[in-house]
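Undergrad: Sequence plus the predicted model coming up.
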Amino acid sequence: MHVLPCAKERHAVLVVIDDQAVGEALASLLAQEGLEVERTSNAAQALAYLEVRTPCLAIVDTALSSDDGLALCSALRHHPRGDDLAVAAITVRGDSAMAAAAARAGATDIIHTPLSVDTLRFRVWAQLRLHEARLEQHRLNERLSLISRAATDGIILIGGDSRINFWNAAAESMFGYTSSEVEGRPVHSLLVPPAQREEADHAARLFAGNGEGRAIGTTVILKALRKSGEEFPVELSLSSAYVHGEWWALGIVRDITQRLRFEQRLRDSENRLRWILNSMPVGIVISGADRRVRWANQAALDMVQAEDAEEIIGLPCNAALCQAEGEPCLLHGDHPEPARSETLLPRRTDPPLPVLRSLHRLNLDGESVYLESFVDLTARRQLEAELGHARKLEAVGQLAAGIAHEINTPIQYVGDSVHFLREAFEGLSQVLSAYRESARATAGEAGLAALAAAEEEADLEFMLDNAPASLDRCFDGIDRVATIVRAMKDFAHPDQREKSPADLNKAIGSTLTIARNEYKYVAEVECSLGNLPLVSCHIGDLNQVFLNIIVNAAHAIGEAVGDSGKLGTIRVTTRREGDMVRLAIADTGHGIPDEIAGRVFDPFFTTKAVGKGSGQGLAIARSIVVEKHGGTLTFTSEVGQGTEFVIKLPIEASGVKG
């Protein structure tokens, strides 16, 4: 316990002498020096005074008549309030034994009798100054201790022998060692990971020689070692001082594990944001208040066909983005915010790109900037064209369904009539045979000759031989027309808003009938249709899927066989697989090369000649199967052998959007 009032008030001196005359003389002398003097004559009084006031100096006569002066010296030095108390023992000059005993008892000085005024004055002030120095040292130590305890960084004092001399509480918490566990131990063997110890030891030897090193006077980031053996990142600041003929180092250590994690998360977040912005199909450009481009994402660079952002960064926005003449710039015009317009974006080589351009004014870091976004309208306009085409096809389909319905009735009339004619012809043939037999039996030679001439004139034998076959061909043709009409009605049947059970085998049969003109000259069709349950679906959409794949198969085979006259094969198989149905359509065409296999389902991607394919068929098919029915559409292909598309659909309706 350190009590400090001596430094701010008059120095207090306790005099313990039982000789009244000597005590008064000494007290008077000290008072003349401006000191506050308390005189007592025994140990009890001295200790009682120490309970209420802490003197700076106690002068004790070792020859007290009633008490043991040496014991009192020891009691004063070991009193809780006497840590910094200077004790001067009065002994007889020449009594070296007593002087030694006084020193052992805790006395900090010896005053010999007989007393010399000058010597007494000198020794008193010397002890008072030493007392003040000790107090100041205590104050400094307490301040340093407070700083050390309050510091969140580890503070490590390293001696010239690379051993730890001081270790604060933050270092204890950081490394896991208590101060008693590390003080006096080599710093590198405790705190440096094994892989770096050789380098650290080498640096310590250089530091011991000249107090220099690459880490001195700077801050470095390196790995440290906890008591548990865990390595962790720290930020180390080292300074050096020359103490008692050797170089010491003071290290300030900060655990930066959390900071590095935060910085990594920040970098990851920035990278994710940069990746998101560069992955967006929308072009984004930021321009400053000076209308010069500050930043552009990858989509914007692709739109203007710039190979690198440096090509447009720093350019005026009208030079980088608004080169179309006669069109006002959104940034320079007086537009309400946000401003939007459809415009053409100039490009380096290709024709201008139709875009929807939007402008927003933002405040970033206290600066007003402009954020422009560009949405490529090419696909939308293509989709609008496709939608118009689809509407036309829908109208044609409805018309075809109506025509099929209208054809169906007269075909039924014709079929019934041909059926009647065949039955009538069979009856007439029997009657005619009977007439001929009767005529031969009753007619004369002249009548028979006339009859034979009439039969020959009418070519009766040819008629009797070929008319039945002709009627059979009529029946076949009528059946074919009826089949086509039924297929057209089934194929053109409008879908319901909700899914409904449908026979996929029947749907495939109808589709093959409709598409026959596409494949009949290039391929034969082989069907292996399994026993399928009714599947909950939009059958009209699936008919479109089947038609697209069958027509593509026919075209692929047509390209493969060319004008050779050979026929390829389209194989259609269906079967049930658990709670799914599997439909496969394979062809013997050229196959799909690996370099384009990943793009076959992309909208507007086609390998067909201009005007023969829109590139929408398989994209729409995949959307119908995957998004509307919760199924899968995949394919396998081998160049030179052919391609097989496989459709898998759930039997029961799923929760996907219908």
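TA: It's in.
Undergrad: what does the model give the residue nearest to residue 51 when sequence neighbours are not counted for pLDDT?
TA: Spatial nearest neighbour of residue 51, chain neighbours left out: residue 81 (7.4 Å); criterion: C-beta to C-beta, 6 or more residues apart in numbering. Quick note: C-beta positions are derived from backbone N, CA and C, even for glycine. What the model reports for residue 81 is a pLDDT of 83.
Undergrad: hang on, residue 81 in a helix?
TA: No. Under DSSP: H, G, I helix; E, B strand; the rest coil, residue 81 falls outside any helix and is assigned coil.
Undergrad: From residue 133, how far off is it?
TA: 19 Å (C-beta to C-beta, to the nearest Å).
Undergrad: higher neighbour count, those two?
TA: A side-by-side neighbour count of residue 81 and residue 133, using other C-beta atoms under 10 Å, places residue 81 first with 16 against 11.
Undergrad: okay but residue 440 is in contact with residue 448, surely?
TA: Yes. Applying C-beta atoms under 8 Å as the test, residue 440 and residue 448 come out as touching, 6.7 Å apart.
Undergrad: all strands of the stretch 451-600 of the chain, in order?
TA: 500-502, 523-529, 535-537, 568-577, 580-587 (DSSP state E, counting those that start in this stretch).
Undergrad: So for residue 464, which of these sits nearest?
TA: Of all the strands of the stretch 451-600 of the chain, strand 523-529 sits nearest to residue 464, with 36.9 Å by C-beta to C-beta.
Undergrad: Name the residues of the closest one that come out as buried.
TA: 523, 525 (16 or more other C-beta atoms under 10 Å).
Undergrad: quick one: residue 184 is in a strand?
TA: No. Counting by three-state DSSP, residue 184 is not part of a strand but coil.
Undergrad: who's in contact with it?
TA: By C-beta atoms under 8 Å, 6 or more residues apart in numbering, the residues touching residue 184 are 163-165.
Undergrad: Closest one of the residues you listed to residue 98?
TA: When the contacts of residue 184 are compared for distance to residue 98 (C-beta to C-beta), residue 165 wins out at 38.8 Å.
Undergrad: Pretty sure the closest one sits against residue 157.
TA: Yes. Using C-beta under 8 Å as the test, residue 165 is close enough to residue 157 to be in contact (4.6 Å).
Undergrad: Find residues that contact each of these two.
TA: Shared contacts of residue 165 and residue 157 (C-beta under 8 Å, 6+ apart): residue 248.
Undergrad: so where does the residue nearest to the spatial centre of the chain fall, helix or strand?
TA: In the chain, the residue lying closest to the centroid (C-alpha atoms, centre = their mean) is residue 272, at 5.6 Å. Secondary structure from DSSP states H and E places residue 272 in helix 257-279.
Undergrad: Neighbouring strands - and their directions - for the helix or strand just after that helix?
TA: Past helix 257-279, further along toward the C-terminus, the next helix or strand under DSSP H and E is strand 283-287. Partners of strand 283-287 in the sheet, by DSSP bridges, are strand 293-296 (antiparallel), strand 367-376 (antiparallel).
Undergrad: Backbone dihedrals for residue 65, both of them.
TA: With angles defined as degrees, to the nearest 10, residue 65 sits at phi -80, psi -30.
Undergrad: need the contact list for the residue nearest to it when sequence neighbours are not counted.
TA: Nearest residue to residue 65, sequence neighbours excluded (C-beta to C-beta, 6+ apart): residue 18, at 5.4 Å. Residues counted as contacts of residue 18 (C-beta under 8 Å, 6+ apart) are 41-42, 61, 64-66.
Undergrad: and the gap between residue 18 and residue 40?
TA: 9 Å.
Undergrad: Alpha carbons only: can I get stretch 299-317 in CSV?
TA: Provided in CSV are the C-alpha atoms of stretch 299-317 (Å, rounded to 0.1, in the frame of the first residue of the first chain):
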residue,chain,number,x,y,z
ALA,A,299,-22.9,-6.8,-69.5
ALA,A,300,-22.5,-3.1,-70.4
LEU,A,301,-19.0,-3.7,-71.9
ASP,A,302,-20.5,-6.6,-74.0
MET,A,303,-23.3,-4.4,-75.2
VAL,A,304,-21.0,-1.7,-76.5
GLN,A,305,-18.5,-4.4,-77.6
ALA,A,306,-15.7,-3.0,-75.4
GLU,A,307,-13.0,-5.6,-74.6
ASP,A,308,-12.0,-3.9,-71.4
ALA,A,309,-13.5,-1.4,-69.0
GLU,A,310,-10.5,0.9,-69.5
GLU,A,311,-11.8,1.5,-73.1
ILE,A,312,-14.7,3.6,-71.7
ILE,A,313,-13.8,4.6,-68.2
GLY,A,314,-13.0,8.3,-68.1
LEU,A,315,-14.7,9.0,-71.4
PRO,A,316,-17.7,11.4,-71.5
CYS,A,317,-20.9,9.3,-71.4
